[in-house]
Every structure is written in structure tokens, then in C-alpha cells.
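Whatever this is, show me its structure:
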Amino acid sequence: MSDQNLQQKLDAEGDIVEFLRNQQLGPNPYPGVPAEYSNWRNEQRAWAESAVLFNQSYHMVELYVRGPDAMALLEYTAINSFKNFAVNKAKQYVPVTPDGYVIGDVILFYLDENEFSLVGRAPAIEWVEFHAQYHKPDGSKWDVEIERDERTAMRTDGKRKNYRFQLQGPNAMKTLEKAMGQTPPDLKFFNMAHVDINGKDVIALRHGMAGQPGYELFGPWEDYEAVHGALVEAGKEFGLALVGGRAYSSNTLESGWLPSPLPAFYTGDSQMMKDFRTWASAKSYAGMCSIGGSYVPDSIEGYYLTPWDIGYGHIVKFDHDFVGREALEKMADQKHKQKVTLALDNEDMTRVMSSLFAEGGRAKYFEFPSAVYAMHPFDEVKNADGKVIGVSTWVGYSSNEGKMLTLAMIDPDEVEMGKEVKLVWGEPNGGTSKPTVEPHVQTEITAVISPVPYSNVARTAYADSWRATGVGANT
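The predicted structure is shown next:
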């Protein structure tokens, strides 16, 4: 880690917006698996038509939190309620800053008495690490121990503490049943149970991420091959497909999870935020991530989001004291952006793609299936009058829907299903200096406001989850 801290790096850079927009990093890589096992089109179709096995063993950070104060620490740093949270349950853990802006989200697993793990992107995990070494509101120290298991891209041994697989699709249950040799336990959403696969003890979490309900399966790294092999063998009868890195990053377009809120670490005058920026390394997530797209606010705060903006308003529970509670109480009755799916117009997409064959005036290239070219994409969304009414984030192509889709957050007064809006595609002034950005011209693409999740299966099969109704076991 660098000797320079995050605050020193930000001070040296000056304009934080320009600094992050010109960071020399593209989107998050997905190491450890091929880009494609067959081809990304068939891999996408398999999660809707048969079954898929996502391999999540490599790209996410895992943090263990243990000790008498573990539950209290996590509750204090989360907007979620912890009522009825018990061993063998999981939840979406969502922290905010003292000013009420989103840091990120991860999955929190209640593994055993006084033992938890958090799995996902680094910002929320770094926030927990900081607080574990910080102090309670009364000034005393938290009685906890933490253990960070770093993602593969940041290590040299090629091993992790745990393997982690996602079994999804209409035939996921049949595949799991055959791999187990018996009927799987009937679990409610975000509940866990220990199961036996090929003689190995596996923890199964009832979960879903690709527009279909399914299971997350994890256990000790030394059992990786035995469990993976048994699942692949069991799935042959049911059309199980392995999913590579290209298709994996596009699955969220159908299921509606927004993976890319910018962590609101860069400003904030509270002592806690000042102490965090001094604690965090210049090479922490906030010091290394990138922003891309057509939306360029006057200040970094223009990228900050509230829980309501990303569809997590129902998760906010004022039944406990937590960092950011006072700020969120003031925000609760204000107007917030609404998360929607934008379905990009087929003819406009054909026009944009055909510009790549022109002598000049080429639009920004659309990579397939995921067209995300920075860690945090932000593109302007305009109404018929040309007014900016929100931002588009994750963007890509769904072979299942035959559409280019984006996840967006727009002014609720503008939300009307079927209404046409314009997406501003491409960066100003020919583009930033990111290596994923070629010289191009901006263009507007017609889009139709659509439901989120876009997948009808996700809206109905996730009836007990946040994706559909905003209520469920993970709140």
C-alpha cells in the first residue's frame, strides 16, 4: 500500500471530477474464468432457458468480522434493520456516509454466533475495516477482529479462503438435487443451510441474480474442484452452461441490481469522514476507481446517490442508531430519483453502430454484451425538451430480450412507462484520456422508460425480494 493517504492524493489532484474521469482504469475485470466458455449469447440465454453456473470465486473481496461487538458494529454502520437477523441468514448490507450518501452494498452472511462475513465490492468493506479500528459513538473501541480475504487480482498465490458459485436458472433446482443426491432444502429468500455435495459440506444461500431464482454455494477453497465438478456433471442432463466474464457482467441488466454507485468518500466535513480519508490509502478503491460517460457535474457531489435513488429506500429503517441516520431522516420526505430500465431504440442503435464504418463522426463504441467502459458509468438522460432529467449507469445488450438496456435513475415526475427519452452516449470533447476511450463524437439515442427489473421472471419470481416488491428477507 502507498504511504500517501487518500486525502493527500485528493489534495494533490485538485479537481476530483477530472481526476476520476481520467483515471487510467477501465471497468472491473473478472479474473479466474475465461471471457467465454462457449459464446456469451448462449451463456446469457442459458440463465433464462436452462441453468448456468457463475464462478464468483475470484473477483469479490470478503471480510470476516468476529467478536462480541461484531453485530453491533455492523448494525451501527448499516441503514438496514437487524431485527430477526440470525445465524444462517443473509442480507444486503448498505452503508451510507454521515451525510446520508451511499457508499456501496455487499452481501452480509450471518455465519455463526459473533461471526459474519461481507462479500462484494471493496468500498463498503473498507468502510467496515475503518470502523473496526475506529471508535464507538461513546469513544470506546469496538471489541472485534477482522480478516480480509483479498480478490484474486490483488494477490499472487491464486487461492482464496472460499470458492463461491452461483447456480441460476429454471433448471437450477434439478441440477442441485442431482448433485446432492436428494431433495434440496426448501429455503426462503436470503436464508442459508448446510448441504452435502460430493461428500463436501457446502453452505447454500437462496438467492438470485440473473432474472431467475437460484443458489449461491460456498465453502473452503480446498473443496473447489470436488464441488464444481459435481455441479457440472449433474448439470449436463439439464443444459447447464458455464458463464464467462463477458456474459457475467451483463446479467444485472435483466435483474435490475445497480452495481456502480460511486462511494461518497471524497467530501464531507464530519470528523468521521476526515478521519476516514486520512486512514484510507491513496491506493484504496476511492483513490483508484474511474468514472466515465456524458454526465459531468460541477462537483464530485453531483455523482453522489441516496438509498432512494438506487431503489433501496425500503431498506432504510429508523429502528436503530446508525451512521447517517439524522441525514436520512431529513431526506426521507424529499423527492428522490427513481430507478428504471431504459430500452434503447433498435433503429437508433443501428445508426450508432453503423457510424463505426463511416470516415468520420464515429460514436463511442458499444462493446457487447457489456458496454461499460469505466468502473462508474454516468450518462445524461434528457426529456423531449432537452432537459437533463437523470443519469444512466450500467449499459449492455441482452440476448434474451434482444435489446440494448441501461439501468437509470431519473426524476420521478418524468417516469411514465413507455415514455421516450434521450440517452446522451459518449463523452464531451472527443473523450477523456482513459485507455478504454477512443476519439468519438457524442450522439443522442432514443430510449423507452421500462420497468426494473426488465425481466418479467425477475419481477414475479422475486416476489419476496427487494428486486420486485421492496420487501423480503434481506431488508
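
Let me see the ranges of the helices in this structure.
For the chain, the helices defined by DSSP state H cover 6-13, 16-21, 40-49, 70-76, 122-133, 172-180, 224-235, 245-248, 252-255, 271-279, 285-288, 325-331, 346-354, 456-461.

Let me know the average pLDDT across the fourth one.
Here the mean pLDDT over helix 70-76 is 98, rounded to a whole number.

which outside residues touch stretch 319-329?
For stretch 319-329, the external contacting residues (CB atoms under 8 Å, 6 or more residues apart in numbering) are 75-79, 81-83, 95-101, 137, 272, 306-307, 316, 318. For the C-beta atoms, the positions are set from N, CA and C on the backbone; glycine is no exception.

Recalculate using a threshold of 10 Å.
Contact partners of stretch 319-329, identified using CB atoms under 10 Å, 6 or more residues apart in numbering, comprise 72, 74-83, 95-103, 127, 131, 137, 264, 270, 272, 306-308, 313, 316-318, 331.

So which of the helices of the chain is nearest K188?
Closest of those to K188 is helix 456-461, at 13.5 Å (criterion: CB to CB).

quick one: pLDDT of the most centrally placed residue in the chain?
Closest to where the C-alpha atoms of the chain average out (CA atoms, centre = their mean) is P259, at 2.4 Å. According to the prediction, P259 has pLDDT 90.

who's in contact with it?
Contacts of P259 (CB under 10 Å, 6+ apart): 28, 104-105, 120-121, 249, 252, 310, 372, 375-376, 393-394, 407.

if we can go back for a sec, can you lay out the helices of the chain as JSON lines showing distance to D143 and mean neighbour count?
Shown next, in JSON lines, are these (distance: least, CB to CB, whole Å; neighbours: other CB atoms under 10 Å):
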{"stretch": "helix 6-13", "distance to D143": "27", "mean neighbour count": "17"}
{"stretch": "helix 16-21", "distance to D143": "36", "mean neighbour count": "19"}
{"stretch": "helix 40-49", "distance to D143": "43", "mean neighbour count": "22"}
{"stretch": "helix 70-76", "distance to D143": "9", "mean neighbour count": "20"}
{"stretch": "helix 122-133", "distance to D143": "10", "mean neighbour count": "22"}
{"stretch": "helix 172-180", "distance to D143": "39", "mean neighbour count": "21"}
{"stretch": "helix 224-235", "distance to D143": "33", "mean neighbour count": "18"}
{"stretch": "helix 245-248", "distance to D143": "38", "mean neighbour count": "25"}
{"stretch": "helix 252-255", "distance to D143": "37", "mean neighbour count": "26"}
{"stretch": "helix 271-279", "distance to D143": "19", "mean neighbour count": "16"}
{"stretch": "helix 285-288", "distance to D143": "27", "mean neighbour count": "22"}
{"stretch": "helix 325-331", "distance to D143": "23", "mean neighbour count": "16"}
{"stretch": "helix 346-354", "distance to D143": "55", "mean neighbour count": "14"}
{"stretch": "helix 456-461", "distance to D143": "41", "mean neighbour count": "17"}
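
Tabulate those helices in JSON lines, adding columns for distance to I389.
As requested, those are exported to JSON lines (distance: least, CB to CB, whole Å):
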{"stretch": "helix 6-13", "distance to I389": "30"}
{"stretch": "helix 16-21", "distance to I389": "21"}
{"stretch": "helix 40-49", "distance to I389": "30"}
{"stretch": "helix 70-76", "distance to I389": "36"}
{"stretch": "helix 122-133", "distance to I389": "27"}
{"stretch": "helix 172-180", "distance to I389": "38"}
{"stretch": "helix 224-235", "distance to I389": "44"}
{"stretch": "helix 245-248", "distance to I389": "31"}
{"stretch": "helix 252-255", "distance to I389": "21"}
{"stretch": "helix 271-279", "distance to I389": "30"}
{"stretch": "helix 285-288", "distance to I389": "28"}
{"stretch": "helix 325-331", "distance to I389": "20"}
{"stretch": "helix 346-354", "distance to I389": "18"}
{"stretch": "helix 456-461", "distance to I389": "24"}
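
what's the spacing between L187 and L217?
Separation of L187 from L217 (CB to CB, to the nearest Å) stands at 12 Å.

Those two: who's more crowded?
L217 (24 against 17; other CB atoms under 10 Å).

Please name the nearest non-neighbouring residue to that one.
F165 (4.7 Å; CB to CB, 6 or more residues apart in numbering).

what's the burial count for that neighbour?
When neighbours are counted by other CB under 10 Å, F165 registers 19.

Identify the residues contacting it.
Counted by CB under 10 Å, 6+ apart, F165 has contacts 53-57, 202, 215-219, 224, 227-228, 231.

Among the helices of the chain, which comes closest to N191?
For N191, the closest of the helices of the chain is helix 172-180, at 14.9 Å, according to CB to CB.

so what does the closest one touch, helix or strand wise?
Packing partners of helix 172-180 (3 or more CB pairs under 10 Å, 6 or more residues apart in numbering; DSSP states H and E): strand 51-55, strand 162-168, strand 192-197, strand 200-208, strand 213-220, helix 224-235, strand 240-242.

Please identify the most buried of these.
Stretch with highest mean neighbour count among the helices and strands packed on helix 172-180: strand 51-55 (a mean of 25; mean count of other CB atoms under 10 Å).

Which strands border that strand, and is each parallel or antiparallel?
With DSSP bridges as the test, strand 51-55 is paired with strand 162-168 (antiparallel), strand 240-242 (parallel).

Throw those strands into CSV and include distance to R148, thanks.
Formatted as CSV, the strands paired with strand 51-55 follow (distance: least, CB to CB, whole Å):
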stretch, distance to R148
strand 162-168, 13
strand 240-242, 28
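
tally of neighbours for G139?
Neighbourhood size, G139 [other CB under 10 Å]: 6.

brain fart, N198
18.

Contacts only, for the nearest residue to it once chain neighbours are set aside.
Of all residues not flanking N198 in the chain, A230 sits nearest, at 3.9 Å (CB to CB, 6+ apart). A230 is in contact with 178-181, 197-200, 202, counting by CB under 10 Å, 6+ apart.

Please repeat the previous calculation with a cut-off of 8 Å.
Neighbouring residues of A230 by CB under 8 Å, 6+ apart: 179, 197-198.

which one of the residues you listed is nearest T446?
Using CB to CB, the contacts of A230 come closest to T446 at A179, 45.7 Å.

and the closest one, how far is that from Y58?
Relative to Y58, A179 is positioned 22 Å away (CB to CB).

picking up where we left off before, just the contacts of stretch 319-329: which are in strands?
Residues of the contacts of stretch 319-329 located in strands (DSSP state E): none.

Now restrict those to buried residues only.
With neighbours counted by 16 or more other CB atoms under 10 Å, the contacts of stretch 319-329 contain buried members at 72, 74-82, 95-103, 127, 131, 264, 272, 306-308, 313, 316, 331.

just checking, L342 touches T446?
No. Between L342 and T446 there is no contact under CB atoms under 8 Å: 9.7 Å.

Give the residues shared as contacts by the two.
Counting by CB under 8 Å, 6+ apart, the residues touching both L342 and T446 are 421, 423.
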